[in-house]
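Chemist: Dropping a prediction and its sequence here:
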Amino acid sequence: MASEALEKAGLHFDDLNRIRVLDEDTSSQAQELKEVCQDFLGDIGDFQKIADSFIVIFDAVSKEVELEKMKAIGARNLLKSYAKQRESQQEQLRALIVEKKSELDRLNTQYTALAKMESEQQEFIEQFILQK
């Protein structure tokens, strides 16, 4: 009867006859829930460590990717620069070719004129010698 009055008041006796606020089933479930929660918190901590390590790895990889990307951009710009330099040199060489061709034409014309003059003078000399 005393135990029933205590149970109505929310007090219970355990196996060692100690007074408890919770009955034995609720107390064991609470203890089990506490252990499950601690395991869960441990798992969350492990997950957090793994996630942090992945973040560190991904940060390192992203830095390497950015570095390689910058190298690739630099190489591409260097190639474009070489292409522009080559085009500029080609234009300079074309201009030089045009200049040399015009000089060749001028020299050919001059040679033709001088050859004609030489033949005229040679003819004049031959006629002068024959007249003597």
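Modeler: Yep, it's here. Numbering: from 1, shown residues only.

Chemist: all helices of the protein, in order?
Modeler: 2-8, 24-131 (DSSP state H).

Chemist: any chance of those helices in TSV, with mean pLDDT and mean neighbour count too?
Modeler: The way it works is simple: take the backbone N, C-alpha and C, and place the C-beta from them, glycine included. Supplementary listing: these in TSV, determined by pLDDT from 0 to 100; neighbours: other CB atoms under 10 Å:
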stretch	mean pLDDT	mean neighbour count
helix 2-8	59	9
helix 24-131	94	10
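
Chemist: Can you pull up the most central residue in this protein?
Modeler: Lys69 (1.7 Å; CA atoms, centre = their mean).

Chemist: distance of that residue from Ala60?
Modeler: Note on Lys69: its distance to Ala60, by CB to CB, to the nearest Å, is 15 Å.

Chemist: Also Leu79?
Modeler: 29 Å.

Chemist: How about Ala30?
Modeler: Using CB to CB, one gets 45 Å for the distance from Ala30 to Ala60.

Chemist: cool, and Gln31?
Modeler: Computed as CB to CB, the Gln31 to Ala60 distance reads 44 Å.

Chemist: what does Leu67 give?
Modeler: According to CB to CB, Leu67 stands 11 Å off from Ala60.

Chemist: quick one: contacts for Asp52?
Modeler: Contacts of Asp52 were listed using CB atoms under 8 Å, 6 or more residues apart in numbering, and none were found.

Chemist: Tell me how far it lies from Glu35.
Modeler: 26 Å.

Chemist: One more: Gln110?
Modeler: For Gln110, the distance to Glu35 - CB to CB - is 111 Å.

Chemist: Sweet, I'm off.
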